[in-house]
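*Asks:* One predicted model, sequence on top.
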Amino acid sequence: MKVARILIAGERSGVGKSTVVTGIIRALADAGMKIQPFKVGPDYIDPSHHTMAIGEPSRNLDTWLMGERGVVESFLLGSKGKDLAVIEGAMGLYDGFSGSYEGSSAHIAKLTSTPVVLVVNASKIAGSIAALVSGYKSFDPELSFAGVILNGVGSESHARMLGEAIESRTGLPLLGWLPKSSEIEIPERHLGLIPAAERQEEEVYLKLAEFVREHVDLEAILRAARDAPPLPEPPAEEEKEPTVRVGVALDKAFSFYYWENFELMRREGAEVVFFSPIADDTLPDVDGLYIGGGFPEVYASEIAQNRKLMREIRKKSEEGMPIYAECGGMMYLTRELLDLEGNAYEMTGIFDAVVEMTPKLQAVRYTLARAARNTPFFCEGDVLKGHEFHYSRIADFASDISFAYSLQRGMGIADHRDGFISNATLASYMHLHFAGSRDFLKSFIAACAASR
């Protein structure tokens, strides 16, 4: 299978990878190309901008969550039939799990035999930039580099000087340089960039595309992408005839999902039906619920006003409907949510717990969970890999509340325990990618079928 592909990585976080990638994919999509975007790591927000920019769901590539085989299969399936696959890296090129190489952008590039474009912060540096680029190039001789893009360049003469230093000392071509500009910045909040679903400004992506067209050699990038070696054909996977219907909470408050999770649910025989905890006052006709993460704290007032839907969800939980919730979804299922100003909002109340927002990051790490009990979704002793990223904490919970997981890695809700469990309702801080948790997904779908 011939796949034109490129991975755009930074020498560190904050060098403008998202700007470069989003601008490139929009510019090439505007030229009529079919682009498949990807993101290294567990991040939800960067992929949301890829998706909004070109209308094609972006996919994550994460070896902790998906395993090496899962990453490769996802890449092959997602890239098939596309003109170009563009992978956005995470952090610095060689930054993986706990400072290791594993799971890094470089690791993903080697797994998929993808050439790398290195984005470098060019502010406050001159000829020394060649030493920096040379170090990245030589650190792993097996990695294929297509060239360099500079960001934060002071002037055209500055760019020329930097380009000459890089090309003469490293042999890598300068593929583009971006001047400093505040007009194309995407605003941030506590979990990173503001999700595209909340912004909806087409103008932002038009400006990004024009900015990149003006300053980046897109033809040179395409030539490097097309020179990538062939890959094996993807495995044949087809969706099953639907046997259950699963409601998925999706709106501006709940938008943290791996889009591939929906595809995997369909392959296991689930029809995915979206609903909004803000706008819909009743559930669709479904056999189970999946409530992902997001920013319920930002929209707590709107969520709390929809008492009718929350009462229905609580009743379904009491009746034994399978409900799976992650992070923001868990917050929604507690009794009360406290925002940073101390305002209290009544939530669904399935779990007798109070969640509060904090100004300090509580956890950002991969998790390794062992099931502490039998549930409809797994057996005691089963192991699941996930990740957690949150500024909230559970300030109070009932003494008789049950936990589903003990964490060998990660913080969880309290004392390295995670996963409130009641009847067939499971709510945790841990996020899962179903490509690496297929047994969990199959059990969830089976529980929905039994509920039906």
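*Replies:* Noted; the coordinates are in hand.
*Asks:* Where does pLDDT dip in the chain?
*Replies:* 182-201 (pLDDT under 70).
*Asks:* can you list contacts of the lengthiest helix in it?
*Replies:* If you go by DSSP state H, the chain has its longest helix at helix 63-79. With contact meaning Cβ atoms under 8 Å, 6 or more residues apart in numbering, helix 63-79 is reached by 1, 3, 5, 36, 38, 42, 59-62, 85, 97, 102-103, 107-108, 111-112, 231-235, 237, 260, 366, 385-387, 432-433, 435-436. Placement of C-beta: from N, CA and C, glycine included.
*Asks:* Any of those buried? List them.
*Replies:* 3, 5, 36, 38, 42, 59-62, 85, 97, 103, 107-108, 112, 231, 234, 260, 366, 385-387, 432-433, 435-436 (16 or more other Cβ atoms under 10 Å).
*Asks:* Restricted to strands, list those residues.
*Replies:* 5, 36, 38, 59-61, 85, 366, 385-387 (DSSP state E).
*Asks:* Mind listing what's buried along stretch 315-326?
*Replies:* The neighbour-count check on stretch 315-326 (16+ other Cβ under 10 Å) flags 316-317, 321-326 as buried.
*Asks:* so how far does it reach from one end to the other?
*Replies:* 19 Å (Cα to Cα, to the nearest Å).
*Asks:* With stretch 320-338 instead?
*Replies:* For stretch 320-338, the end-to-end distance is 28 Å (Cα to Cα).
*Asks:* mind listing what P37 touches?
*Replies:* 21, 25, 47, 50-51, 54, 56, 58-59, 85-88.
*Asks:* any idea how far it is from E263?
*Replies:* 15 Å (Cβ to Cβ, to the nearest Å).
*Asks:* gap between the closest residue to N343 other than its chain neighbours and S443?
*Replies:* Spatially, and ignoring its direct neighbours in sequence, N343 is nearest to A300 (7.6 Å; Cβ to Cβ, 6 or more residues apart in numbering). Counting by Cβ to Cβ, the separation of A300 from S443 is 32 Å.
*Asks:* do the same with D227
*Replies:* Applying Cβ to Cβ to D227 and S443 gives a distance of 44 Å.
*Asks:* So between those two, which is more surrounded?
*Replies:* More neighbours surround S443 than the other of D227 and S443, with 18 against 11 (other Cβ atoms under 10 Å).
*Asks:* give the contact list for the more buried one.
*Replies:* 376-378.
*Asks:* Am I right that it is in a helix?
*Replies:* Yes. Per DSSP: H, G, I helix; E, B strand; the rest coil, S443 lies within a helix segment.
*Asks:* Could you measure from it over to N423?
*Replies:* Using Cβ to Cβ, S443 is found at 15 Å from N423.
*Asks:* Check the burial of the closest residue to N121 other than its chain neighbours by counting its neighbours.
*Replies:* Distances taken as Cβ to Cβ, 6+ apart place V15 nearest to N121, at 4.5 Å, with adjacent residues excluded. Close neighbours of V15, defined as other Cβ under 10 Å, add up to 22.
*Asks:* Give the helix, strand or coil label for V15.
*Replies:* coil.
*Asks:* Same question for the one 3 residues further on.
*Replies:* The assignment at S18 comes out as helix when based on three-state DSSP.
*Asks:* isn't it right up against E88?
*Replies:* Yes. Using Cβ atoms under 8 Å, S18 is in contact with E88, at 6.7 Å.
*Asks:* Please enumerate the shared neighbours of those two.
*Replies:* Counting by Cβ under 8 Å, 6+ apart, the common neighbours of S18 and E88 are D46.
*Asks:* Those two: which is more packed in?
*Replies:* E88 (29 against 23).
*Asks:* How about the more buried one: what's its closest non-neighbour residue?
*Replies:* Nearest non-adjacent residue to E88 (Cβ to Cβ, 6+ apart): V21, at 4.3 Å.
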